[in-house]
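Enquirer: No sequence on hand, only this structure:
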């Protein structure tokens, strides 16, 4: 059972971090050469699909991480490099806490992207709107796009840090 949980946990992080890298370094780079109308369509479809894959991967990592933590015992830890302890007085325990904090940050960022930032970009101006209303709507969408850029970069940095923290657990943790 532990092997299955660990496999699902690693797969969840791989999908999540891979998606964050793809969104920031591949898709956003490709959008630079697209006309604005194409960029809007690509953002709409890629963002809609990405948020569900990312949410699923994040839920898998959270559930499996918690289950792996609950099944961890002193005997398991004693056999590892530097005999770590699941305590805040030990680098291993502090690293586990940092991983939990990183996971919560990612959940907050992804939730804001999925349920606030992405929908805010989807609304468009209507033909019956005045020029001032259309301009105000364009400015609002522009602000939403800037917030999404910040959220995507934050997500990328935190997810890669979390993967590094998780990898460090085999060596006894970092801090």
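Expert: Here it is on my side, so go on. All figures in this text were calculated on a predicted structure; none of them were measured in a lab.

Enquirer: residue ranges for the helices of the protein, please.
Expert: Using DSSP state H, the helices of the chain run over 2-21, 28-31, 36-71, 74-78, 91-112, 118-122, 131-168.

Enquirer: Quick one: closest of those helices to residue 84.
Expert: Nearest of the helices of the chain to residue 84, taken as CB to CB: helix 91-112 at 3.1 Å. C-beta here means a position set from N, CA and C on the backbone, and glycine is covered the same way.

Enquirer: Remind me what that closest one packs against, helices and strands.
Expert: Contacts defined by 3 or more CB pairs under 8 Å, 6 or more residues apart in numbering; DSSP states H and E place helix 91-112 against helix 36-71, helix 131-168.

Enquirer: How far does it sit from its chain's centre?
Expert: 10 Å (CA atoms, centre = their mean, to the nearest Å).

Enquirer: Outside of it itself, list whatever touches it.
Expert: Defining contact as CB atoms under 8 Å, 6 or more residues apart in numbering, one finds that helix 91-112 is touched by 16, 51, 54-55, 58, 61-62, 65, 69, 77, 84-88, 151, 154-155, 158-159, 161-162, 165-166, 168-169, 172-175.

Enquirer: again, 7 Å this time
Expert: Residues external to helix 91-112 that are found in contact with it (CB atoms under 7 Å, 6 or more residues apart in numbering): 54-55, 58, 61-62, 69, 84-88, 151, 154-155, 158-159, 161-162, 165-166, 168-169, 172-175.

Enquirer: Report the buried members of these.
Expert: Buried by 16 or more other CB atoms under 10 Å: 54-55, 58, 61-62, 84-85, 151, 154-155, 158-159, 162, 165-166, 168-169, 172-173, out of the contacts of helix 91-112.

Enquirer: okay if I get the helices and strands packed on helix 91-112 as a markdown table plus mean pLDDT and distance to residue 22?
Expert: Formatted as a markdown table, the helices and strands packed on helix 91-112 follow (pLDDT from 0 to 100; distance: least, CB to CB, whole Å):
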| stretch | mean pLDDT | distance to residue 22 |
| --- | --- | --- |
| helix 36-71 | 88 | 8 |
| helix 131-168 | 88 | 10 |
